[in-house]
Each structure stands twice: as C-alpha cells, then as structure tokens.
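S.K.: model this:
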Amino acid sequence: MADDFPPPLTPEQAVELRRRQKGRNVALLVVLLAVVALFYAISIVKLAGGS
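M.R.: Predicted coordinates for the structure are as follows:
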C-alpha cells in the first residue's frame, strides 16, 4: 500500500476544493433557512386559525 493515497493536492486544487466547499455550504444554509421559515410559517398559520 502506498502512503500517499490519495495524492496530495496542488495549491490550485486546494483553492478550488475550498471554493466548491464554500458554495456547497452556502447552498445548504439557504435550504436550511428555507425549511426553518416554512416550519415557522406553518406554526403561525396553525396558531392563527386554530380555535
């Protein structure tokens, strides 16, 4: 077995990897906030109309 698996990243590859991870994290944040807003809206609607 080789000790260098996976091979080390070049500086350009490392920058690209961080850029993609940041983009993925931002997308995940947007989805999470949308789900939170949806649950909040559903809760408000249920409280307002539930007599």
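
S.K.: for the strand or helix carrying residue 30, which positions count as buried?
M.R.: Here residue 30 is covered by helix 11-49, with elements defined by DSSP states H and E. Going by neighbour count (16 or more other C-beta atoms under 10 Å), nothing in helix 11-49 comes out as buried. (C-beta placed from N, C-alpha, C; glycine too.)

S.K.: low pLDDT regions in the protein?
M.R.: Within the chain, the segments meeting pLDDT under 70 span 1-2, 50-51.

S.K.: distance check, residue 26 against residue 47.
M.R.: Taking C-beta to C-beta, to the nearest Å as the measure, residue 26 and residue 47 are separated by 32 Å.

S.K.: if you could redo that for residue 16, that was the one I meant.
M.R.: Between residue 16 and residue 47 the distance, using C-beta to C-beta, works out to 47 Å.

S.K.: and for residue 11?
M.R.: The gap separating residue 11 from residue 47 is 54 Å, by C-beta to C-beta.

S.K.: could you do residue 27 as well?
M.R.: Counting by C-beta to C-beta, the gap between residue 27 and residue 47 amounts to 31 Å.

S.K.: repeat that for residue 30.
M.R.: Applying C-beta to C-beta to residue 30 and residue 47 gives a distance of 26 Å.

S.K.: same deal with residue 24?
M.R.: From residue 24 over to residue 47 the distance is 35 Å, taken as C-beta to C-beta.

S.K.: likewise residue 31?
M.R.: Distance, residue 31 to residue 47, using C-beta to C-beta: 25 Å.

S.K.: just residue 36 next, same as before
M.R.: From residue 36 to residue 47 the distance is 17 Å (C-beta to C-beta).

S.K.: cool, and residue 10?
M.R.: 55 Å.

S.K.: next one: residue 20
M.R.: As judged by C-beta to C-beta, residue 20 and residue 47 stand 41 Å apart.

S.K.: helix, strand or coil for residue 3?
M.R.: The three-state label given to residue 3 by DSSP: H, G, I helix; E, B strand; the rest coil is coil.

S.K.: what's the separation between it and residue 31?
M.R.: Counting by C-beta to C-beta - residue 3 and residue 31 are separated by 38 Å.
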